[in-house]
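Asker: Kindly generate the corresponding structure for this input.
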Amino acid sequence: MTYATILLQIGWKNMADVDDNPENIATCRQFCGPCPSFSFNGLNKLPPKMLFCARGASEKPKDQIKDKGCFCPGCDIFKKYDLSGGWFCIYAKEGRK
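Answerer: Predicted coordinates:
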């Protein structure tokens, strides 16, 4: 068993692991809703619909999402969890490199 496996079993989390909870959902609505890439591409119509930094990328194929900018870096969740990259709707939890 690896050290990382043991840490996960006892409940340790990497700070980049964003909690999918009502508080973060409320915060997310303030930033995803007006985000130009989110609204232009209709990303609220396919799962996970929001909180991409916690839930992963949109089910809309990456090559069908037009990059119109990213509001993630201005989001309180981005700062709270010390995230990097942004564009989580396209690049999943890892963000754009």
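Asker: residues contacting P47?
Answerer: Neighbour list for P47: 55, 58-59 [criterion: C-beta atoms under 8 Å, 6 or more residues apart in numbering]. Yep, even glycine has a C-beta here, placed from its N, CA and C like the rest.
Asker: now, which of those residues sits nearest K66?
Answerer: Nearest to K66 among the contacts of P47, counting by C-beta to C-beta, is S58 at 12.3 Å.
Asker: Could you point out which residue ranges in this structure have low pLDDT?
Answerer: Within the chain, the stretches with pLDDT under 70 are 1-16.
Asker: longest helix anywhere in it?
Answerer: For the chain, the longest helix by residue count, based on DSSP state H, is helix 22-32.
Asker: Compare the contacts of P47 and tell me which is most surrounded.
Answerer: Within the contacts of P47, neighbour counts (other C-beta atoms under 10 Å) peak at S58, which reaches 26 neighbours.
Asker: isn't that residue right up against L51?
Answerer: No: S58 sits out of contact with L51 when judged by C-beta atoms under 8 Å, with a separation of 11.2 Å.
Asker: Specify which member of the contacts of P47 is nearest to P36.
Answerer: Closest approach between the contacts of P47 and P36, by C-beta to C-beta: S58, at 14.6 Å.
Asker: need the contact list for the residue positioned nearest the centre of the chain.
Answerer: Closest to where the C-alpha atoms of the chain average out (C-alpha atoms, centre = their mean) is C53, at 1.5 Å. Counting by C-beta under 8 Å, 6+ apart, C53 touches 18, 72, 77-78, 81, 83, 88, 93, 95.
Asker: mind listing the helices for the protein?
Answerer: Assigned by DSSP H, the helices in the chain fall at 3-9, 22-32, 36-40, 52-55, 76-80, 88-91.
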